[in-house]
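Novice: Output the structure for:
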Amino acid sequence: MAEVRIACPKCDWEPDGKPYWSCTCGHVWNTFDTGGRCPACKKQWEWTQCVVHAGGCLAMSPHLDWYRGLDEWLEEEISKIEVIVETS
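Specialist: Coordinates of the predicted model:
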């Protein structure tokens, strides 16, 4: 089974689950709990900044680029669906 890991695409820093990211509405949360969507105002963030004070590099990257192994996981899930459809 493919494993999805979250890490900065630039420096490989891995978030520890703490609420480092803040929205323009003022809400602070862990952006990876919601796929980059602010739970307060529902703004969808397409870019995520690495957190320098937690050990990261301060670079901005597309949010989806933080998910390592996502392509492999998706391929596995699609193949499972294809098997179900073929046997139905």
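Novice: CA only for contacts and neighbour counts going forward, please
Specialist: Fine.
Novice: Where does the residue lying closest to Gly55 once chain neighbours are set aside sit: helix, strand or coil?
Specialist: Among residues not flanking Gly55 along the chain, Trp13 sits closest, at 6.8 Å (C-alpha to C-alpha, 6 or more residues apart in numbering). Using DSSP: H, G, I helix; E, B strand; the rest coil, the structure places Trp13 in coil.
Novice: pretty sure Trp13 contacts Gly56?
Specialist: Yes - under the criterion of C-alpha atoms under 8 Å, Trp13 makes contact with Gly56 at 5.3 Å.
Novice: how far away is the nearest residue to Cys41 once chain neighbours are set aside from Ala40?
Specialist: Excluding its sequence neighbours, the residue lying closest to Cys41 (C-alpha to C-alpha, 6+ apart) is Cys25, at 6.8 Å. Cys25 sits at a distance of 8 Å from Ala40 (criterion: C-alpha to C-alpha, to the nearest Å).
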